[in-house]
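Participant: after the sequence you'll find the predicted model.
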There are 2 protein chains.
Amino acid sequence: MSAEQPRRSDGTRAAILKAARERFAADGYERATIRAIAADAAIDPSMVMRYYGSKERLFAAAAEFDLRLPALEDVPPEQVATVLVGHFLERWEGDETLMALLRAGVTNPAAADRMREIFAAQLVPVAERLSPDRPRIRAGLVASQILGLALCRYVLRLPPLVAMERAELVDWTAPAVRHYLSGTVAEETQAGSGV
Amino acid sequence: MSAEQPRRSDGTRAAILKAARERFAADGYERATIRAIAADAAIDPSMVMRYYGSKERLFAAAAEFDLRLPALEDVPPEQVATVLVGHFLERWEGDETLMALLRAGVTNPAAADRMREIFAAQLVPVAERLSPDRPRIRAGLVASQILGLALCRYVLRLPPLVAMERAELVDWTAPAVRHYLSGTVAEETQAGSGV
DNA sequence: CGGATAAGTCAACAGGCGTTGGCCTACAGT
DNA sequence: ACTGTAGGCCAACGCCTGTTGACTTATCCG
């Protein structure tokens, strides 16, 4: 009952989705036009409407996303941050969907909603496993560091961050993420510089 | 010679700039229309063109910004991160320009440029004073955490971060920023969770 | 083979955009 | 008081946008 039978237009549908992801990622929601997306997919703009109904629903379809976090249950707690940051950067570079979500999420409420959902659903459980203490706050802080990294490296393209190797970036940021995931907070305000 | 004499239209010019900042901050570059800005300022859209030439130049004028970092030379090195994050959050909440820059910088190259300039010119010196070792990378990492925080709290509005007090947020993030400003990196990859 | 249905094309719509030039109005300098 | 000039408004331009409906072509089923 629930199995969708393959349609003759599946190829076109996929081409539209691929072009949409690329355009939304490169230009953001408002500057990515249906006409440009259709041109990339080598079909008529009206086909986009036929298959996806509206620009907003096209974006919703293009922004379907799973972080695909690896099985972190088997990772020793003190290495979770390293694995998490590394996986996230890898995922970011291999899939344009995240870029589309970030670029669009800054001006489009629906995209911001989706972003909140993804991080709430997929990051909070990780934080919950590592510390029973305020896991939602911890997950939010992790999101802030991870998204800030993506923002500065892939969107704003700050030269020092663009030039760095991924592994080097992980070495720098993993301690901060580890702090958010399992550190304590009150006493540290007066602490020295050692992390 | 360089002193501009006051013009009769200075009030209008200021009203336009104020409305522009608000609209750019709320809507981003492309959704903030000249017509809407003019309506907010209670003048005709053509006045915006007369005084600022084009939408792009209006944005450039509206995005003029100084972080106004306090005199960090007098702050003990181990407290610089705390003061820095606190000042940044305060500055963010008191001036719509930063919000405009972030919202626009994600899709507008000129805004991204401006953002790079601001952080390179105003954050790198702070990093240089605290550590002679790769100060530009350190400044970039600080920017990633600070902008990520702003992104998640003020733009995406992740509920846990929105609900937190500013001081509490500083307590959590300052250790991470301190790590970027004066920590070392190689040995820490294997370290435990204590920051 | 013929007819139904899906895939795809074309042209146009209504509306919004940045931008322009002409026109009126009111103040400033003499 | 007169006049030049700056401030301001109005109407329109050309363009681009998302979206629609009518039309043609190809494919599948009986």
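Facilitator: Sure thing, it's come through. Note that the coordinates shown come from a computational prediction; the quantities given were computed from them, not determined experimentally.
Participant: run a quick neighbour tally on A:A60.
Facilitator: 16 (other Cβ atoms under 10 Å in any protein chain shown). For glycine as for every other residue, the C-beta is placed from the backbone atoms N, C-alpha and C.
Participant: nope, A:T184 is what I was after
Facilitator: 12.
Participant: does it count as helix, strand or coil?
Facilitator: What DSSP: H, G, I helix; E, B strand; the rest coil gives for A:T184 is coil.
Participant: cool, and A:I16?
Facilitator: Three-state call for A:I16 (three-state DSSP): helix.
Participant: wait, isn't it in contact with A:I37?
Facilitator: Yes: if you go by Cβ atoms under 8 Å, A:I16 and A:I37 touch, sitting 6.7 Å apart.
Participant: hmm, who's touching the helix or strand of chain A with the lowest mean pLDDT?
Facilitator: When each helix and strand of chain A is scored by mean pLDDT, DSSP states H and E, helix A:109-130 comes last, with a mean of 94. Contact partners of helix A:109-130, identified using Cβ atoms under 8 Å, 6 or more residues apart in numbering or on different chains, comprise A:29, A:56, A:59-60, A:63, A:65-67, A:69, A:72-73, A:77, A:80, A:84, A:101-102, A:104-106, A:135-136, A:138-140, A:142-143, A:181-182, B:155-159.
Participant: quick check: which element contains A:L102?
Facilitator: If you go by DSSP states H and E, A:L102 is part of helix A:96-105.
Participant: tell me what angle that helix forms with helix A:109-130.
Facilitator: Going by axes from the mean of the first three to the mean of the last three Cα atoms, to 10 degrees, helix A:96-105 is angled at 120 degrees with respect to helix A:109-130.
Participant: helix A:96-105 close to DNA strand D?
Facilitator: No: under the criterion of Cβ under 7 Å from any atom of the strand, DNA strand D is not reached by helix A:96-105; the shortest gap measures 12.2 Å.
Participant: averaged pLDDT, that helix. What do you get?
Facilitator: Taken as a whole, helix A:96-105 has a mean pLDDT of 97.
Participant: and for stretch A:41-58?
Facilitator: 97.
Participant: for the spatially most central residue of chain A, which non-adjacent residue is closest in space?
Facilitator: For chain A, the residue nearest the mean C-alpha position is A:L98 (3.8 Å; Cα atoms, centre = their mean). Nearest residue to A:L98, sequence neighbours excluded (Cβ to Cβ, 6 or more residues apart in numbering or on different chains): A:W92, at 5.1 Å.
Participant: mind listing what the one you found touches?
Facilitator: Applying Cβ under 8 Å, 6+ apart, the residues contacting A:W92 are A:98-99, A:150, A:154.
Participant: what's the answer for A:F59, then?
Facilitator: Taking Cβ under 8 Å, 6+ apart as the criterion, A:F59 is in contact with A:20, A:24, A:29, A:100, A:104, A:108, A:110-111.
Participant: at 7 Å instead, please
Facilitator: Contacts for A:F59 (Cβ atoms under 7 Å, 6 or more residues apart in numbering or on different chains) come out as A:24, A:29, A:104, A:111.
Participant: Throw those into JSON lines and include neighbour count, thanks.
Facilitator: As requested, those are exported to JSON lines (neighbours: other Cβ atoms under 10 Å in any protein chain shown):
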{"residue": "A:F24", "neighbour count": "27"}
{"residue": "A:Y29", "neighbour count": "24"}
{"residue": "A:A104", "neighbour count": "27"}
{"residue": "A:A111", "neighbour count": "24"}
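Participant: which of the residues you listed lies closest to DNA strand C?
Facilitator: A:Y29 (14.6 Å; Cβ to the nearest atom of the strand).
Participant: who in chain A is up against DNA strand D?
Facilitator: So chain A meets DNA strand D at A:8, A:32-36, A:45-46, A:48-49, A:54-56 (Cβ under 7 Å from any atom of the strand).
Participant: quick one, grab the pLDDT at whichever residue of chain A sits closest to DNA strand C.
Facilitator: At 3.0 Å from DNA strand C, A:S9 is the closest residue in chain A, using Cβ to the nearest atom of the strand. Per-residue confidence at A:S9 stands at 81 (pLDDT).
Participant: thinking again about what came up before, got the CA coordinates for the helix holding A:L102 in PDB?
Facilitator: Taking C-alpha atoms only, helix A:96-105 is exported to PDB below (Å, rounded to 0.1, in the frame of the first residue of the first chain):
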ATOM      1  CA  GLU A  96      25.100  20.200  -0.800                       C
ATOM      2  CA  THR A  97      22.000  19.900   1.200                       C
ATOM      3  CA  LEU A  98      23.600  21.300   4.400                       C
ATOM      4  CA  MET A  99      24.800  24.300   2.500                       C
ATOM      5  CA  ALA A 100      21.400  24.900   1.100                       C
ATOM      6  CA  LEU A 101      19.800  24.600   4.500                       C
ATOM      7  CA  LEU A 102      22.200  27.100   6.100                       C
ATOM      8  CA  ARG A 103      22.100  29.600   3.200                       C
ATOM      9  CA  ALA A 104      18.300  29.400   3.200                       C
ATOM     10  CA  GLY A 105      17.800  29.100   6.900                       C
END
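Participant: that one packs against which elements?
Facilitator: With contacts defined as 3 or more Cβ pairs under 7 Å, 6 or more residues apart in numbering or on different chains; DSSP states H and E, helix A:96-105 has these neighbours: helix A:10-31, helix A:109-130.
Participant: between these, which gets nearest to A:A41?
Facilitator: Among the helices and strands packed on helix A:96-105, the nearest to A:A41 by Cβ to Cβ is helix A:10-31 (4.2 Å).
Participant: could I get the closest one in CSV with only the CA atoms?
Facilitator: Below are the C-alpha coordinates for helix A:10-31, written out as CSV (Å, rounded to 0.1, in the frame of the first residue of the first chain):
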residue,chain,number,x,y,z
ASP,A,10,11.4,9.7,-11.9
GLY,A,11,14.5,10.7,-13.8
THR,A,12,13.3,14.2,-14.3
ARG,A,13,12.1,14.5,-10.7
ALA,A,14,15.6,13.5,-9.6
ALA,A,15,17.3,16.0,-12.0
ILE,A,16,15.1,18.8,-10.7
LEU,A,17,15.9,17.9,-7.1
LYS,A,18,19.6,17.8,-7.8
ALA,A,19,19.6,21.1,-9.6
ALA,A,20,17.5,22.6,-6.8
ARG,A,21,19.9,21.6,-4.2
GLU,A,22,22.8,23.0,-6.1
ARG,A,23,21.1,26.3,-6.7
PHE,A,24,19.7,26.7,-3.2
ALA,A,25,23.2,25.9,-1.8
ALA,A,26,25.0,28.3,-4.1
ASP,A,27,22.5,31.2,-4.0
GLY,A,28,20.2,30.9,-1.0
TYR,A,29,16.4,30.7,-1.2
GLU,A,30,15.4,33.9,-2.8
ARG,A,31,18.1,34.2,-5.4
